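Q: What shape does this take:
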Amino acid sequence: MKSVIFASALATAAAFAPAQVGKTTTALNAFENELGALPPVGFWDPAGLSDGISQEKFDSYRLAELKHGRVAQMAVLGYVAPETYRFGYDLVPGEVSTSDIPNGLAAVTAIPFLGWAQIIAFVGTVETYGWFTSPTGVIDLPDDILAKRQTAELQHGRVAMLAVLELLRHDAQTLAGLDQGYPHLITGLPFIYDN
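A: Below you'll find the model as predicted:
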């Protein structure tokens, strides 16, 4: 009995001993000063995608993250804006008005071919010719302000990627009939509706 008490006391004392601090890998150290590495987490790569990659590969990953973040921000805006305002023009003249198109995933099947053609033409034009760029092709800001704004853009994109996933999940659940009786897509902001 004394040995059991001694062993439990020893285990209890070991629980309060200082933890050993492990060394970080060189792959994490290589990118810990990149934009987007913020306290308290720092450079966070739980899947190990940056292990042993070159700076060029990391830059291509960062560019993909930035593009996905921008698309997600537009997707969130595309979910929220129609909940509060409709432009009311004819998507297909004389046939379908934008006021008749439902919000969210239900709009995919409600938009006719000519509507999709307009959307694809607009996106293709923006991708081909750019949008609101300065004459030099980059924003002319001091380095510290530019770094702060680029970090903010990465943060906003990361939050938007999570937000659009939640909006899609909520909308798919609503289409499946599992909406729990909520009358609107955005349930946390009742003041945006006219009810």
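
Q: Could you tell me how far stretch 97-108 lies from the centre of the chain?
A: 23 Å (Cα atoms, centre = their mean, to the nearest Å).

Q: Just the terminal-to-terminal distance for that stretch.
A: In stretch 97-108, first residue to last residue: 15 Å (Cα to Cα, to the nearest Å).

Q: which residue is nearest the centroid of the chain?
A: Nearest to the centroid of the C-alpha atoms of the chain, with distances taken as Cα atoms, centre = their mean, sits M161, at 1.7 Å.

Q: For L146, see how far away the closest residue to that one other than its chain neighbours is.
A: Nearest residue to M161 in three dimensions, chain neighbours excluded: A72, at 4.3 Å (Cβ to Cβ, 6 or more residues apart in numbering). Every residue, glycine included, has its C-beta placed from N, CA and C. Applying Cβ to Cβ, to the nearest Å, the value for A72 to L146 is 22 Å.

Q: quick revisit: wait, the residue nearest to M161 touches A163, no?
A: Yes. Assessed by Cβ atoms under 8 Å, A72 is found in contact with A163 at 7.2 Å.

Q: Who has more neighbours out of those two?
A: More neighbours surround A72 than the other of A72 and A163, with 21 against 17 (other Cβ atoms under 10 Å).

Q: What ranges does the protein have for its strands?
A: In the chain, the segments counted as strands under DSSP state E are 90-92, 96-97.

Q: which one of those lies closest to E34?
A: strand 90-92 (42.7 Å; Cβ to Cβ).

Q: Okay, buried residues for the closest one please.
A: By neighbour count with 16 or more other Cβ atoms under 10 Å, strand 90-92 contains the buried residues L91.

Q: about what we covered before: which residues are in contact with the residue nearest to the centre of the chain?
A: H68, G69, A72 (Cβ atoms under 8 Å, 6 or more residues apart in numbering).

Q: Let me know the closest of those residues to K57.
A: H68 (16.5 Å).

Q: quick one, what contacts the closest one?
A: G157, M161.

Q: just how off-centre is the helix ranked longest in the chain within its chain?
A: Counting by DSSP state H, the longest helix found in the chain is helix 143-175. Centre-to-centre, helix 143-175 and its host chain are 3 Å apart (Cα atoms, centre = their mean).
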